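> Compute the structure for the input listed below.
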Amino acid sequence: MKAGRERAAGRERRQAGPSKASSSDGVRERSEVLRLATSAARRARGLLFARPDEGVLLLLPCADIHTVGMGRRIDVAFIDGAGCVLAAYRNVGPFRRLRHRNAAAVVERFSSCATPWFEPGDRMGVVSVKEGSR
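Sure, this is the predicted structure:
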């Protein structure tokens, strides 16, 4: 997970999602649009000016987030360098600060009770997808 490789972060579309054990093959995949935030300014802004339908945001590198100024609640997951979820939070309200000293990245989205979210121990993978192939 190197930030230098993600030069066109704002234009790239990626798929990400938690993978959990299932009875058939041991892995359950979910895909979502993933936006990257690799600059200090973009990471500090986070989801502040985003629309709820813009998908999931990956802040990289990141181990500390805040919800100052947020008008909506968010779901947050702290990820280590190998893609393992260290901690996950749902429905985080405004004016909160969360951090995990071992995290390499953070995944955020607007809270949704209707869709599953990460749990500690889940693994996250990212696959590049061309714009027209979705």
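
> Run a quick check on residue 87 versus residue 101, I expect a contact.
No. If you go by Cβ atoms under 8 Å, residue 87 and residue 101 don't touch, sitting 10.7 Å apart. Quick note: C-beta positions are derived from backbone N, CA and C, even for glycine.

> of those two, who's got more company?
Using other Cβ atoms under 10 Å, the more surrounded residue of residue 87 and residue 101 is residue 87, with 17 against 8.

> Tell me the spatial nearest neighbour of that one, not counting adjacent residues.
residue 78 (4.7 Å; Cβ to Cβ, 6 or more residues apart in numbering).

> partners of the helix or strand harbouring the one you found in the sheet?
Assigned by DSSP states H and E, residue 78 belongs to strand 74-79. Strand 74-79 has its sheet partners listed here by DSSP bridges as strand 85-92 (antiparallel), strand 105-110 (antiparallel).

> For residue 54, grab the count of nearby residues.
13.

> what's near enough to touch it?
33, 35 (Cβ atoms under 8 Å, 6 or more residues apart in numbering).

> distance of it from residue 37?
12 Å (Cβ to Cβ, to the nearest Å).

> repeat for residue 81
Taken as Cβ to Cβ, the span from residue 81 to residue 37 is 17 Å.
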